[in-house]
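Q: got a predicted model here, sequence first, then my questions.
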Amino acid sequence: MFIIMRHRKKRTILLESGVKKKEIVIRNLLTSLVQHGQIITTAHRAKVLKATADAFFSGLLRKYRTAASEQDALRENIRTVKATIL
């Protein structure tokens, strides 16, 4: 039987109990961040949340820039925020 040593293996997952729980925790953190403007969390969760929040907000900006009109952009962004956060 071989024992695999895990020296210098960085873990990028937030929770060890599954990907679904990771997505739920990140979504809850992102919801709290958007609703309250700031949150208190651990350093590891903050790193994961930063990457997720950057991707989320850059996606909103991309949709806003590529929309045909400002009303279409607002409507699409509101739909995205409601589907992702609330």
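A: Here it is on my side, so go on. Numbering: from 1, shown residues only.
Q: next, the buried residues of stretch 33-48.
A: Across stretch 33-48, burial judged by 16 or more other CB atoms under 10 Å covers 33-34, 39, 48. Using the backbone N, CA and C atoms, a C-beta is placed for each residue, glycine as well.
Q: output the contacting helices and strands for the helix with the most length in the chain.
A: Assignment by DSSP state H gives helix 43-66 as the longest helix of the chain. In terms of contacts (3 or more CB pairs under 8 Å, 6 or more residues apart in numbering; DSSP states H and E), helix 43-66 is packed against helix 19-36, helix 70-84.
Q: can you put those in CSV and add distance to Ile4 and mean pLDDT?
A: Output for the helices and strands packed on helix 43-66, formatted as CSV (distance: least, CB to CB, whole Å; pLDDT from 0 to 100):
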stretch, distance to Ile4, mean pLDDT
helix 19-36, 21, 86
helix 70-84, 37, 89
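Q: winner for burial among these?
A: helix 19-36 (a mean of 14; mean count of other CB atoms under 10 Å).
Q: about what we covered before: between the buried residues of stretch 33-48, which sits nearest Gly59?
A: For the buried residues of stretch 33-48, the residue nearest Gly59 by CB to CB is Val34; the value is 13.6 Å.
Q: what sits closest to the closest one if chain neighbours are left out?
A: Ile85 (5.7 Å; CB to CB, 6 or more residues apart in numbering).
Q: that neighbour contacts Arg27, doesn't it?
A: Yes - using CB atoms under 8 Å, Ile85 is in contact with Arg27, at 7.3 Å.
Q: ok, Tyr64 to Ala83 distance?
A: Going from Tyr64 to Ala83 by CB to CB, to the nearest Å gives 16 Å.
Q: same check on Lys63?
A: 12 Å.
Q: hmm, Arg79 and Ala67 touching each other?
A: No - look at Ala67 against Arg79 with CB under 8 Å: they stay out of range, at 11.8 Å.
Q: ok, now which ones touch Thr84?
A: Residues near Thr84 by CB atoms under 8 Å, 6 or more residues apart in numbering: 27, 30, 56.
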